[in-house]
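>>> Got a sequence here, can you build the structure:
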Amino acid sequence: MSRYIGPKARVSRRLGTNIWGTRGETIALDRRPYPPGEHGRTRRRGNASEYLLQLQEKQKARFSYGLTERQFRNLYEEASRKSGVTGEIMLRYLELRLDNVVYRSGWAATRPQARQFVSHGHLNVNGRRVTIPSYRVRKGDVIELRTKTQDFIVVRHNIDVLDRHAPAWLESADGGMKITVRELPLREQIDVPVREQLIVELYSK
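Residues are numbered from 1 along each chain as shown. I've put the predicted structure just below:
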């Protein structure tokens, strides 16, 4: 399956949470707080099967970070080979994606917008231009907006209006135009509403 480009509000209603963080999704969830479809009003979320709950948690994480099914599966398999809690390692890998760091820094309003910034070459990592959204940053890496990009109206708007503060594992400098990875993110520093243990249970069957 390729990257999802369909109706965002429909996915958010199906999963019961604002996946991409857009205003349209918020409005849709407020007006129609039930799954989409002809029988959406009559569905009971409380009676969902164990498999459905696991699948929904996986879809929440996958859509939130903008991964394909294959990418997400490969990430899980990589995390499962590491020593430690697999679910937390998987979330850490997702947070360390370059497009997510751009989003966390407040330069982009949404992760899809952050992905576009990266793929269009508006970011430098340790002084070098990087155009791969899935690039995984490491402790000590310095991410900065390229000089021309700093004057983009959309970037200025996101920084000034959204007023999103970088999490504790990122350090902002140069008026918010440069970000340093201070440390690897801990589970309590990741605010994505996902129960990662259910994802591990789904894939470990």
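>>> switch to C-alpha atoms for all contacts and neighbour counts from now on
Noted.
>>> who are the neighbours in contact with the spatially most central residue of the chain?
Central residue of the chain (Cα atoms, centre = their mean): Tyr65, 3.2 Å from the mean position. Contact analysis of Tyr65 by Cα atoms under 8 Å, 6 or more residues apart in numbering lists Leu94, Asn100, Arg111.
>>> Any regions of the protein where pLDDT drops low?
1-5, 8, 12, 20, 24-25, 28-30, 34, 37-47 (pLDDT under 70).
>>> Show me how far the lengthiest helix in it is from its chain's centre.
For the chain, the longest helix by residue count, based on DSSP state H, is helix 50-65. Remark: helix 50-65 is offset 13 Å from the chain centroid, using Cα atoms, centre = their mean, to the nearest Å.
>>> Alpha carbons of it, as CSV, please.
The C-alpha coordinates for helix 50-65 follow below in CSV (Å, rounded to 0.1, in the frame of the first residue of the first chain):
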residue,chain,number,x,y,z
GLU,A,50,-9.0,-8.0,20.6
TYR,A,51,-7.7,-8.2,17.0
LEU,A,52,-9.6,-5.0,16.0
LEU,A,53,-8.2,-3.1,18.9
GLN,A,54,-4.6,-4.2,18.0
LEU,A,55,-5.2,-3.4,14.4
GLN,A,56,-6.5,0.1,15.2
GLU,A,57,-3.5,0.9,17.4
LYS,A,58,-1.2,-0.1,14.6
GLN,A,59,-3.1,2.0,12.1
LYS,A,60,-3.0,5.0,14.5
ALA,A,61,0.7,4.8,14.7
ARG,A,62,1.2,4.1,11.0
PHE,A,63,-1.0,6.9,9.7
SER,A,64,0.3,9.4,12.4
TYR,A,65,3.9,9.0,11.2
